[in-house]
Structures are given as structure tokens and as C-alpha cells.
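Peer 1: attaching a predicted model along with its sequence, questions to come.
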Amino acid sequence: MTDAKPMVRKGQYAGELARETFRERFMRRFYDPAFQTEHAALERLEEIAWEAYEQGRKSPRTVKAGPGFADPDYELSVEWKETHDRLARAEQAQQDPRTPSRVLVVAGAARNDGTCPGEVSKSWRLARIVLEELQSGGARTDLLDLSRLTSEYQCLIHPCKGCVSTAMPLCHWPCSCYPNHSLGQDNDAMAEIYEQWVSAHGVILVAPTYWYQSPSPLKLMIDRLVCADGGNPDPTLTGGKDPLKAKQVELAGWSYPKHLAGRAYGLVVHGDVAGIEGQRRALSDWLDWMGLIDAGAASRLERYIGYYRPYATSHDDLDRDTAVQQEVRNVARAMLNCLPRLRRGELAPDPGIRDPRPK
């Protein structure tokens, strides 16, 4: 609670594009001369797209929120409501003790052999080792290969817009910033990714180190998971994206719900020269903050593969490094050992401890 009077600061947004600039950007998507056989059709489509942009038709198809929402008559995006309902079903199945343990394995590299690099990533190979070990231990598994963002047509994770920094309730769970059809911000992969995280009892991230940091596809996913940590599951409370209402809701008292808390996690971070320690710690801190529980000391691994050796032979270095392969298997085994205790409630995060200042 606070006596502060909220206000919304304005002035940064440059405004709508000029008509000709919009047209140029729209037509750029049809640069291939083969599209010119449909020039008249493209002209008609561009006019429709301009009207949608000018009128701000972010969610052109809506449905009433219905029971369970603060305002049942509020018109919600059909796509958001469908994702919300899928997550509710996934959460129910995840919490059912009869549901087999499920582990999501995330391959965080941007590289694969279907695009410019022309070769699989070591992260993908390490993720396969993790999957094999988990499956041999009886766990159900899902693989989230984030390199799809670089090689798959219109597979996108749009950037986080930072709603949480205006007010936590403005950040909806799941994220309602996308799709935004008026801006052409569609085909967002996060709806599927949210469901994979919610369905999992454990998550293992496998990531290379790019310039001391996580690869951009992995960082995009991490940023868009901010809504899982304190996000608002009821957009009708904030009138959709009304920043002043969201500030008022937060200042009236907000619980900052942790929607993924209680799941187990493991990490495999690798690199070739520098930066693995910092990235592993950053990922651990992030997962800890969200209320996930590490699966034990063996579940958090950071290793160099082909230290200061040529990139061209890095896969050969991994072939020879049987010790690191075994350590990666140990991450999966630590997860298998952890999950029964976790699901029995023996590893609840911080039992009996109340955070005096949640955020």
C-alpha cells in the first residue's frame, strides 16, 4: 500500500508512420519479382493493412471474458483467451499427481544446419544427450529448439515491451502484447512456449555463450517470461492496456503471483573462451527469482568445450570430451532424482518464509 498518486509520463513515441513509409515497408515483404504477377491484389491488401494500422486494430477478433474475470463483459482478444484457457488446462494436468513427470529441454543456441551456419549446434547435441537420459529414466520430455527462430518461416519471438516497468498488473499472464495485427506483429511463438513451461515439472536449459551472454533467441524467451513472475492473469482489471488503471491496481496492493514457481531446473552452459560462469550465474539467479528450484549441485553445469581451439573442429572436441558428456548426463540424472521428491512436496521453495517486499 502507498499514498502515492500515480501518473503516466508521455512524450517518447514519435507517432504513426507517414502513408508512403508504411507502403514501402509493407511492399518490402513482397520483394521477390514473382509477387508482381499479383500487383493489383497486393495494392488492395496494402490498403486494408493501412486501415488496420491507422485504426489500431491490434485484436480484430474478440470475445467476452466470461465468468472468472473481474469484468465478464470485457472484450478480450480471441487469441489471448485461447492461450489463457490452454494454460489453465495445462496447469491442472501438471498439478495432477497421476500425471507422469514431464521435463522441458530448451536448446538455446541460434545455430542449426538449416540456415547460414550449415551445421548443427553443440547445444543441440548436448540437449539430445539430456533427452536420452531423461527418457531412459522414464520421464516424458519436450524439446524446445530456439534455433527455429533463425531457420523456420515466420517463427518469431517478439521483444518484451517492458509493461512491467509501468506497473506490474499491466504485464498480463500470458503476455497480451502480441499478436498486434495492426503492426504486423504476429506469428509469436510464445503462446506455444508458455504452454510448454506450464506443462513441465522440470526445465533444463542448454545454452552456449555468445559474447559473455545468452544467445538472442534465448534472451527473447527469458524477457517474455517476465509475465510468469508477478503477471496479471486478468486483463479486465486494467481495462486491457490502460497504464493508469494498472498503476492504481498495483498501488492498491498486488500479490506478484509466481506462475511457474515450484518447478525444478537444471542448466548446461558451455563456451569456448570466456563468459560461461557469468551466464550460468545469471540464468541460475533468474530461475531462482521465478521460484524454480535447482535439482541439486550436479544439475548446474558450466564447461568449456575446445578451449581456445579452432571453431572448425569444435564438434570433434566435443566428441573427444567424454567427461563433459557424462557431466551433461548427470544434469539429467539430478533432475530425475529430484522430481519424485519435488512432486511429493518435500522441496517446496522457502517453506515458512514470507517475502516482506515481493516484486
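Peer 2: Good, I have the coordinates.
Peer 1: chain center to stretch 332-339: distance?
Peer 2: 23 Å (CA atoms, centre = their mean, to the nearest Å).
Peer 1: can you pull the buried residues of the longest helix seen in the chain?
Peer 2: Ranked by number of residues, the top helix in the chain under DSSP state H is helix 322-343. Residues of helix 322-343 classed as buried: 324-325, 327-339, 342-343 (neighbour count, 16 or more other CB atoms under 10 Å). Just so you know, the C-beta spots here come from the backbone N, C-alpha and C atoms, and that holds for glycine as well.
Peer 1: send me it as PDB with only the CA atoms.
Peer 2: Only the C-alpha atoms of helix 322-343 are listed here, as PDB (Å, rounded to 0.1, in the frame of the first residue of the first chain):
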ATOM      1  CA  THR A 322      33.600 -37.900 -22.800                       C
ATOM      2  CA  ALA A 323      33.900 -36.300 -19.300                       C
ATOM      3  CA  VAL A 324      31.700 -33.300 -20.300                       C
ATOM      4  CA  GLN A 325      29.200 -35.700 -22.000                       C
ATOM      5  CA  GLN A 326      29.000 -37.600 -18.700                       C
ATOM      6  CA  GLU A 327      28.500 -34.400 -16.700                       C
ATOM      7  CA  VAL A 328      25.600 -33.500 -19.000                       C
ATOM      8  CA  ARG A 329      24.100 -36.900 -18.400                       C
ATOM      9  CA  ASN A 330      24.500 -36.100 -14.700                       C
ATOM     10  CA  VAL A 331      22.400 -33.000 -15.000                       C
ATOM     11  CA  ALA A 332      19.600 -35.100 -16.400                       C
ATOM     12  CA  ARG A 333      20.100 -37.700 -13.700                       C
ATOM     13  CA  ALA A 334      19.900 -35.000 -11.000                       C
ATOM     14  CA  MET A 335      16.600 -33.900 -12.500                       C
ATOM     15  CA  LEU A 336      15.300 -37.500 -12.400                       C
ATOM     16  CA  ASN A 337      16.400 -37.800  -8.800                       C
ATOM     17  CA  CYS A 338      14.800 -34.500  -7.800                       C
ATOM     18  CA  LEU A 339      11.300 -34.800  -9.400                       C
ATOM     19  CA  PRO A 340       9.800 -37.500  -7.100                       C
ATOM     20  CA  ARG A 341      10.700 -35.500  -4.000                       C
ATOM     21  CA  LEU A 342       9.600 -32.300  -5.600                       C
ATOM     22  CA  ARG A 343       6.200 -33.800  -6.500                       C
END
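Peer 1: helices and strands around that helix, which ones?
Peer 2: Helix 322-343 is packed against helix 122-136, strand 202-208, strand 264-271, strand 300-304, with contacts defined by 3 or more CB pairs under 8 Å, 6 or more residues apart in numbering; DSSP states H and E.
Peer 1: look at the nearest residue to residue 313 once chain neighbours are set aside and report its pLDDT.
Peer 2: For residue 313, ignoring the flanking residues on the chain, the nearest one in space by CB to CB, 6 or more residues apart in numbering is residue 306 at 6.9 Å. Model confidence at residue 306, given as pLDDT, is 96.
Peer 1: now the one 4 residues further on
Peer 2: The per-residue pLDDT reported for residue 310 equals 97.
Peer 1: go on, residue 272?
Peer 2: Looking at residue 272, its pLDDT is 96.
Peer 1: coming back round to it: element containing the residue nearest to residue 313, please.
Peer 2: Under the criterion of DSSP states H and E, residue 306 resides outside all helices and strands.
Peer 1: can you get me a residue count around it?
Peer 2: By other CB atoms under 10 Å, the residues close to residue 306 number 21.
Peer 1: wait, it touches residue 312, no?
Peer 2: No: using CB atoms under 8 Å, residue 306 makes no contact with residue 312, being 9.8 Å away.
Peer 1: nearest residue to residue 332 in space, please, no chain neighbours.
Peer 2: Computed as CB to CB, 6+ apart, the closest residue to residue 332 that is not its neighbour in sequence is residue 133, at 3.6 Å.
Peer 1: distance of that neighbour from residue 74?
Peer 2: 47 Å (CB to CB, to the nearest Å).
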